[in-house]
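Visitor: Please find the sequence and the predicted model below.
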Amino acid sequence: MKKVSLFYIRTYTNTGKFLYICISKKISKIAGQYFAMRNGLYLIMILCTFLLSTQTKAQKEVKFNKDSIPPAFSKLKTYYNQPEVYLSHWEKIKKDIDNKKGDKTTDLFYLYKDRNYFHYNHGDLDSLKKYTPIIKDLSLRLHNKAEYYKNWSFLCEQIIYSNASKEDMEEMDKMYNDALKRKSEIGLAFSLNEIANFYGANKNYAKALPYITQAMQLFEKLKFWDEYTPLCSNYIVILTSTNKYQEAQNAFYHLDSLANLSLTSPSVNMSIARILMIKDMASVVFTEPQDTVILRKYLADIEDLYRKSPHENRIYLYNTKEKYAKLKGDIDTLLAYQDSSAEHYRKSRNVINLKRMYNNKASALHRAHRYDEAYLMLRKYVSLSDSLYKNDTQKQLNELSTRYNMNKLELEAKNISLKARNIQFLYACALIVVLITTLIIGIQFYRHKLKNNRLLRKQAQELQQANEKAQQAQIMKTAFIQNMNHEVRTPLNAIVGFSECLAEIPLSKAETKEISATIKKNSDNLLKIISDMISIANIDSGDQTLTYQEISVNELANKLLQEMKEYAQAKVKFYYTPCQTDYILSSNEDIVHQILINLLHNALKFTSSGEVELSYEVDNKNYKLYFHVRDTGIGVKSELKEKIFSRFYKVDSFVPGAGLGLSLCRILAERIEARVYLDDTYQNGCLFTFEHPLK
C-alpha cells in the first residue's frame, strides 16, 4: 500500500486530553491531482476514521463530572455551541456570586473552571492566557492540585497547536518545574503528557513515547481514569501509525478491560463518555476485513451504552458505524454516517474536522466511482482549506502587526527612556564634576592647611628650640662670665701679686726663680684661655682660610711632648709611642697641633698619677689615621661622653678651666673633615681619639 506523510491533529476530551490521529498531510487542490491519489486517499480514510469517535472540538464531552458542578452552573454546558448565550449566562451567574455574602471561593472556582474549559473548547488562546492564572489561584486556595495542573495543561495544549511564540512555548517548562518544586505527582503527570503532546505534534514519536508511558503510569497509579483513557488512546494511535499492530491491540484490550470494570465495579470510576471513547478505539485497532466480526461486537457495546445514556455525544456512534460500513463495503451507509459526522462538526463550528470529513467523503465517493460528486466534495474541501489558510494567514498577519506595533511602542519607550537616561547621565556627570572639583579644592585647602600647620608647628618647635638654646646660651654665658671672672682674675692676680713682690721685696735667687716660674705658668694659662676664646670666635665668624702642609707625625709628637711636659705632675709618666718609623700627614698643622695640645692638656690636668700616652696608628684600608691620647686619670662617665664636647661644659666645676678645650677640639676637627670622640670602652681613665682622614 502506498505510504503518505502523516501529522497529528489533537482531539479533546472533558479533561482536556487529546488523541493523536494520523491523517494525510497533503491533499490535492484540483480534481486531476485528487484522482491521481486514489490509493493514498483510501489509506487516509482507514487511518483517519477514528477521529469521528473522539473529536469533540466544539462539543466534545463538554460536561464536567455531574457531581463536581453546583446546580447553579448546570445549564452552562448546554450553551457551549452558542458562545453569545454562554457568555451572557456566565456573566449573570458571576453577578449573582458577586452579590452573595460569605465565602465565594468555591463558587468562583467552579465558575472560572467552566469559563476556562469553554475557551479551551473554542481554541481561544488569548482568553486561556487571561483565565488560566485565575483558576490556578482559586485551585491553590482550595488545595486542589489536580484542577490546578489540569487547567494549566489546557493552556499548554492550546499553545502547542497555535504556532505560539517561543516565550509561550516556555509555559510547558514552567509547568514541569512547578510540579517538581511542589513535588506533585499529578502535576508531573500533566506536565509529562504536555511534553509528549509537543513531540507528537512535531511527529517525533520516538521522543513522545517515553513521556506518554511515564504519564500513563502516573495517571493509572493515581486512578485518574478520565485522564488515563485519552492518554492510552494516544499511545494506541502512535503504535498503529508506526506499524506496531500487536502492541496496539494489547494496549487496547487492557484499556477495554478497564472500561468493562468501570461498568461493574466502583474501583475504576470512568465517565460514560470515556467508556464510549474506549469502545470506539476498536475502529482504530481493527481495520482489516477479517476484523469485521470483532468490530461488530464493539459497535453493539456502543449502541447499548447509547440506549442507556441517550444524552451523550453521538459522534462515537457515527464514527464506529462509518468504520464498520467501510469494512463491509456498504458505501451508502458509510456516506450517510459521514454526513452525520459532518453535520455534527458543522453545527459545532469545528472547521478542522469538517474539512477532514469532506476529504473522507470525497475518497468514499471516488471509490464508488461517483466522480462528479467526489469532485464537488473535493472542491468544498479545497475551499474550506483555503478559508482556513486565509484565516490563519490573517491571524498571523494580525499577530505580526500587533507585535510590530508593540515593538514600535517598546522602541519609542526605549528611546524616551534612553533620552531620560542620557539627561540623567549628563546631570550625574555634571554633579560628579562639581563634586570632584569641590573635593579637589577641599583636598588642596586641607593640604595647604596641613602644610601651614606643619610649618607653624615646625616654626614653633624651632622657636622653642631657639628659645631653649638662647636660655641655655644665657645660662652658659652667665656661667662663662662667672667662670672667666675666676679663671682670668686668678692668673692675673697671681701675675700682678708676684710681679709686685719681685719689684718691691728683696728676694733670693731661688725665690726669684720660683716666682718667675709661677708668673710664667699663670701667664701661659691666661694665654691659653684667651687663645681658645679667640679660636672659637674666629671659627664662628668663618673668616679663616685653611691651608694644608706635609706634617711629620713623629716631629709633631716630639714637639708636643716638649711643650706639655712641664704640665705633667711628678707622679705622672708622659710619653709618646709611635706605630712606625714616621708618617707624613697632609693637613693643617695649626689645627692638628691645637687639637692635640688641648687633648694632652686635658689629660695632664686630670691625671695626678699614672701615665699619659700619645700614640697613633694608620688604617690604610679605611684611609684613616688615628691619634690616641690615653690617661689614667679620673675618667668620664659614658653618659657624658658627648656632653663634654659642649662649650663651657665642665665635669667638675671646682677644677680650673674655661670648659672650651674639648669643644674647640671637635669644632677644629670638623673643619678638616676629621672627628674627635671619647672611647668609652677604655675603663682605666680616658681615651680620646682624633680620627683624621688620609688623602
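Guide: Thanks, I have the structure now.
Visitor: who's in contact with the closest residue to Leu239 other than its chain neighbours?
Guide: Of all residues beyond its chain neighbours, the one nearest Leu239 is Ala248 (3.8 Å), with distances taken as C-beta to C-beta, 6 or more residues apart in numbering. Just so you know, the C-beta spots here come from the backbone N, C-alpha and C atoms, and that holds for glycine as well. Ala248 makes contact with 236, 239-240, 284-285 under the criterion C-beta atoms under 8 Å, 6 or more residues apart in numbering.
Visitor: Go again with 6 Å.
Guide: By C-beta atoms under 6 Å, 6 or more residues apart in numbering, the contact list for Ala248 reads 236, 239-240, 285.
Visitor: TSV for those, including pLDDT and secondary structure?
Guide: Shown next, in TSV, are those (pLDDT from 0 to 100; DSSP: H, G, I helix; E, B strand; the rest coil):
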residue	pLDDT	secondary structure
Ile236	90	helix
Leu239	88	helix
Thr240	88	helix
Val285	91	helix
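Visitor: which among those residues gets closest to Tyr86?
Guide: Ile236 (33.3 Å; C-beta to C-beta).
Visitor: Could I get the contacting residues of that closest one?
Guide: Here Ile236 is in contact with 248, 251-252 (C-beta under 6 Å, 6+ apart).
Visitor: possible to save the residues you listed as CSV with distance to Glu468 and secondary structure?
Guide: Rendered in CSV, the data for the contacts of Ile236 read as follows (distance: C-beta to C-beta, whole Å; DSSP: H, G, I helix; E, B strand; the rest coil):
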residue, distance to Glu468, secondary structure
Ala248, 116, helix
Ala251, 114, helix
Phe252, 118, helix
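Visitor: With distance to His122 added, can I get these in TSV?
Guide: Output for these, formatted as TSV (distance: C-beta to C-beta, whole Å):
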residue	distance to His122
Ala248	32
Ala251	31
Phe252	31
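Visitor: State the pair within the contacts of Ala248 that is farthest apart.
Guide: Spanning the widest gap among the contacts of Ala248 are Leu239 and Val285, at 9.0 Å by C-beta to C-beta.
Visitor: Pull up the gap between the nearest residue to Arg182 once chain neighbours are set aside and Leu222, please.
Guide: Of all residues not flanking Arg182 in the chain, Lys145 sits nearest, at 7.3 Å (C-beta to C-beta, 6+ apart). Note on Lys145: its distance to Leu222, by C-beta to C-beta, to the nearest Å, is 11 Å.
Visitor: Could you tell me which residues touch both of these two?
Guide: Ile186.
Visitor: Which one's more surrounded, those two?
Guide: Lys145 (17 against 14; other C-beta atoms under 10 Å).
Visitor: Please verify my assumption that that one contacts Ser184.
Guide: Yes: taking C-beta atoms under 6 Å as the definition, Lys145 is a contact partner of Ser184 at 5.3 Å.
Visitor: And Arg630, what's its pLDDT?
Guide: Listed pLDDT for Arg630 reads 93.
Visitor: Wasn't it part of a strand?
Guide: Yes: assessed with DSSP: H, G, I helix; E, B strand; the rest coil, Arg630 lies in a strand.
Visitor: What residues are bridge-paired with it?
Guide: Glu613, Leu687 (DSSP bridges).
Visitor: From Asp679, how far out is it?
Guide: 9 Å.
Visitor: Many thanks, we can stop here.
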